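Engineer: coordinates only, sequence not included:
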Ligand SMILES: Nc1nc2c(ncn2[C@@H]2O[C@H](COP(=O)(O)OP(=O)(O)OP(=O)(O)O)[C@@H](O)[C@H]2O)c(=O)[nH]1
């Protein structure tokens, strides 16, 4: 049973040779793999048999790998039951059950409906991007606009971060690079007015996708949340079913901070998905699992590098394979063969 499951993961990962995304996942997760894998290896080297001390150490290892406290406890508890049920003692086999549990947190299907971006059936689709400064919001918008434009969709960008000096210009540079128009107003101007202009233009020109960049920080949190609410109202007055996505961008290198940031945003803004950036520079890839399990918000996109093409749809099987490649590829043990 276990091998069948891993075969499916391997197939999902290696099945699309033409897809450069697979290689990117692989390369980007090297750091996470090294740190997580090294921790697990140490754990398994220290234990020959799987006993209660092993489970305590496993829980600590998972917490240390940034999968989050609740997730770590849940996995360890479920694993304890599973090990009893299957009567597994071999630590390699247990390692594989851990991997299986991690994939289960996302569903085995690899890329389900929930993990994909939603588009309007007709009329403009609006994606609203939120998140603190420096998380990679503008870069992600630039990469996504490029991808959608290449797919043949018409794209419009709205520079509604009028607060941070240079933010408008940064988005305009991306607009030029992607060859997509940008609606902007004066620095310090009303962001909702920029969004209104952009929505009207998108409707008039029948634009496929309007992507709105928003401020990551204002004078205070209440102002920021009020502004995001106002922007949403402006969009919904013109396009009642939009925005299709409110995407929170978080910096994957910050581990647990990314999780608490997401929790805070989630209390005030209803987000539909998360973008986890800088996974390539992070040893904390485990955070992806924490986000889904503790926030119940799907990760929809991941940033795998600084380049224009380094944005991928989040695909759990690719992700988990990238993280635990060594473990999954290892030959099956005698116990598993039985
Ligand atoms: N390695 C790596 N770097 C990234 C990724 N995404 C963004 N960056 C870098 O992170 C830095 C910050 O990105 P920005 O897009 O300016 O951040 P932002 O959230 O828009 O910040 P504000 O415009 O201040 O709101 C830039 O140097 C980006 O090149 C990624 O996936 N991998």
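Structural biologist: Arrived safely, thanks for sending. In this text, all values refer to a predicted model and were calculated from it rather than measured experimentally.
Engineer: of all of the protein, which residue lies closest to the ligand?
Structural biologist: For the chain, the residue closest to the ligand is residue 303, as judged by C-beta to the nearest ligand atom, at 2.4 Å. Glycine gets a C-beta too; all of them are placed from N, C-alpha and C.
Engineer: please name the nearest non-neighbouring residue to that residue.
Structural biologist: Distance criterion C-beta to C-beta, 6 or more residues apart in numbering; nearest residue to residue 303, sequence neighbours excluded, is residue 277 at 3.4 Å.
Engineer: what does residue 147 give?
Structural biologist: The shortest distance from residue 147 to any non-neighbouring residue, by C-beta to C-beta, 6+ apart, is to residue 311 (6.6 Å).
Engineer: what's the spacing between the one you found and residue 162?
Structural biologist: Using C-beta to C-beta, to the nearest Å, we find residue 311 at a distance of 25 Å from residue 162.
Engineer: which residues touch the residue nearest to residue 147?
Structural biologist: 140, 143, 144, 147, 301, 302, 303, 304 (C-beta atoms under 8 Å, 6 or more residues apart in numbering).
Engineer: let's see 10 Å
Structural biologist: 21, 24, 136, 139-144, 146-147, 275, 277, 301-305 (C-beta atoms under 10 Å, 6 or more residues apart in numbering).
Engineer: try residue 72
Structural biologist: Residue 72 neighbours (C-beta under 10 Å, 6+ apart): 58-66, 286, 289-290, 293.
Engineer: just the buried ones from the residues you listed?
Structural biologist: Neighbour counting with 16 or more other C-beta atoms under 10 Å marks 58, 59, 61, 62, 63, 65, 66, 286, 289, 290, 293 as buried within the contacts of residue 72.
Engineer: which of the residues you listed fall in strands?
Structural biologist: Among these, the subset assigned to strands under DSSP state E is empty.
Engineer: which residues of the stretch 101-250 of the chain lie near the ligand?
Structural biologist: 131, 133-139, 161, 164, 167, 170, 216, 249 (C-beta under 6 Å from any ligand atom).
Engineer: run the last query once more with 8 Å
Structural biologist: Within the stretch 101-250 of the chain, the residues that sit near the ligand (C-beta under 8 Å from any ligand atom) are 131-143, 161, 164, 166-167, 170, 213, 215-217, 249.
Engineer: mind giving me the ChimeraX command for buried ones among those?
Structural biologist: To isolate the buried ones among these in ChimeraX, judged by 16+ other C-beta under 10 Å, type:
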select :131,132,135,136,137,138,139,140,141,142,143,161,164,167,170,213,215,216,249
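Engineer: which ones among the buried ones among the contacts of residue 72 map onto helices?
Structural biologist: Assigned to helices by DSSP state H, the following of the buried ones among the contacts of residue 72 qualify: 58, 59, 61, 62, 63, 289, 290, 293.
Engineer: the stretch 51-200 of the chain: strands as residue ranges?
Structural biologist: In the stretch 51-200 of the chain, the strands defined using DSSP state E, counting those that start in this stretch lie at 125-130, 155-160, 182-183.
Engineer: so what's the residue nearest to residue 147 bridging to?
Structural biologist: residue 303 (DSSP bridges).
Engineer: tell me the pLDDT at it?
Structural biologist: Residue 311 is assigned 93 on the pLDDT scale.
Engineer: hang on, residue 295 packs against residue 266?
Structural biologist: Yes: the pair residue 295 / residue 266 is scored as a contact, 6.0 Å apart, by C-beta atoms under 10 Å.
Engineer: settle it for me: which of the two has more neighbours?
Structural biologist: residue 295 (18 against 15; other C-beta atoms under 10 Å).
Engineer: out of the ones in helices among the buried ones among the contacts of residue 72, which is nearest to residue 194?
Structural biologist: Residue 194 lies nearest to residue 290 out of these, by C-beta to C-beta, at 34.4 Å.
Engineer: what distance do you get for that closest one to residue 274?
Structural biologist: For residue 290, the distance to residue 274 - C-beta to C-beta - is 11 Å.
Engineer: common neighbours of those two, please.
Structural biologist: With C-beta under 10 Å, 6+ apart, residue 290 and residue 274 have common neighbours 258, 262.
Engineer: so which strand or helix has residue 26?
Structural biologist: helix 20-28 (DSSP states H and E).
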